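K.L.:
what shape does this take:
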Amino acid sequence: MAKKKTFEAALRELEEIVKQMESGDLCLEDAVKKYESGMKQSKFCLDLLDKTEKKISMLTKDSNGNIKEELFEDE
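P.N.:
Just a heads-up that it's a prediction; the model follows:
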């Protein structure tokens, strides 16, 4: 069974892609491939952050001003 990709692994890959692209050593074709790969990593990270954010509970105040915890529910 394949190991599930983590946010941290995807972020490391994205950072490496940025470093390679900033070096200026890539030909145009390779730079475009790296860009495409970077966009996929970026989307993976953003999607995972969005899902995680929805799982985080929100603190709200009730009518008496007391703080209560409510789970964030998907719309």
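K.L.:
following the lowest-mean-pLDDT helix or strand in the chain, which helix or strand comes up?
P.N.:
The helix or strand of the chain with the lowest confidence, counting by mean pLDDT, DSSP states H and E, is strand 58-61 at a mean of 64. Using DSSP states H and E, the helix or strand that follows strand 58-61 in sequence is strand 67-70.
K.L.:
residues of that next one that come out buried?
P.N.:
Residues of strand 67-70 include none that count as buried (16 or more other C-beta atoms under 10 Å). Where C-beta positions appear, they are placed from N, C-alpha and C, glycine not excepted.
K.L.:
name every strand pairing with it and say which way it goes.
P.N.:
When pairs are called by DSSP bridges, strand 67-70 turns out to pair with strand 58-61 (antiparallel).
K.L.:
need the residue closest to the centroid of this protein.
P.N.:
The residue lying closest to the centre of the chain (C-alpha atoms, centre = their mean) is C45, at 1.9 Å.
K.L.:
quick one: secondary structure of that residue?
P.N.:
helix (DSSP: H, G, I helix; E, B strand; the rest coil).
K.L.:
pretty sure it sits against E8.
P.N.:
No: using C-beta atoms under 8 Å, C45 is not in contact with E8; the gap is 9.6 Å.
K.L.:
in this protein, where is pLDDT below threshold?
P.N.:
Across the chain, the ranges flagged by pLDDT under 70 are 1-2, 56-61, 70-75.
K.L.:
what ranges does it have for its helices?
P.N.:
With helices called from DSSP state H, the chain shows them at 7-23, 28-55.
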